[in-house]
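Novice: Next one to model:
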Amino acid sequence: MKTKNQKKPGRALRIILGVLLAFGALNAFGGGYYGMSGAEGVPLEWLDGSPFDNYFIPGLFLFVIIGGSFLTASIVVFSGHWISKFFAITSVVIVYIWLAVQLSIIGYISWMQPATAIFGVIVLVLAWFLPCVLKRD
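Specialist: Predicted structure coming up:
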């Protein structure tokens, strides 16, 4: 029989990971909105040789796909659902694909690129230690 003071396994880990994923979502939403609204101050020359004439489509992808995957992963992690690990790891795989494509098109241009990669490593490590099966109260 559980007492009221007993905690779910990995509770602190879920909170930290959920907050980090929510932060990743907010960052992607902000960057995506900035791109869709014209990315003032960002040179269009960076897109030379890419399939894009402006930053709207990359911004839309950043907002919807990356922001959405981080937000979904955050919600699932906070809920303590058994599939939390999968969602957290998948969101990082998506952002790593984004970074790989970005680096192949425009190259290294910002400290945000390695910072995002490091952020992904931190999320992966934390997600790895999430319990796979969380029991219901």
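Novice: give me the number of residues near Ser104?
Specialist: 9 (other CB atoms under 10 Å). Every C-beta, even on glycine, is put in place using the N, C-alpha and C of the backbone.
Novice: For Trp98, see how far away it is.
Specialist: Distance of Ser104 to Trp98, given as CB to CB, to the nearest Å: 11 Å.
Novice: again, but for Leu62
Specialist: Where Trp98 is concerned, Leu62 sits at a distance of 7 Å (CB to CB).
Novice: And the helices in the protein?
Specialist: 11-36, 56-61, 67-79, 84-106, 112-128 (DSSP state H).
Novice: and those, which is most packed in?
Specialist: Among those, ranked by average contacts under mean count of other CB atoms under 10 Å, first place goes to helix 67-79 (a mean of 21).
Novice: OK, contacts around Trp128?
Specialist: Going by CB atoms under 8 Å, 6 or more residues apart in numbering, Trp128 touches Lys85, Ile89.
Novice: which regions of the protein sit below the pLDDT cut-off?
Specialist: Applying pLDDT under 70 to the chain flags residues 1-9, 133-137.
Novice: again, only using 80
Specialist: The model of the chain has pLDDT under 80 over residues 1-9, 132-137.
Novice: which residues does Glu40 contact?
Specialist: With CB under 8 Å, 6+ apart as the criterion, no residue contacts Glu40.
Novice: ditto for Ser69
Specialist: For Ser69, the contacting residues are Phe87, Thr90, Ser91, Ile94, Val95, by CB under 8 Å, 6+ apart.
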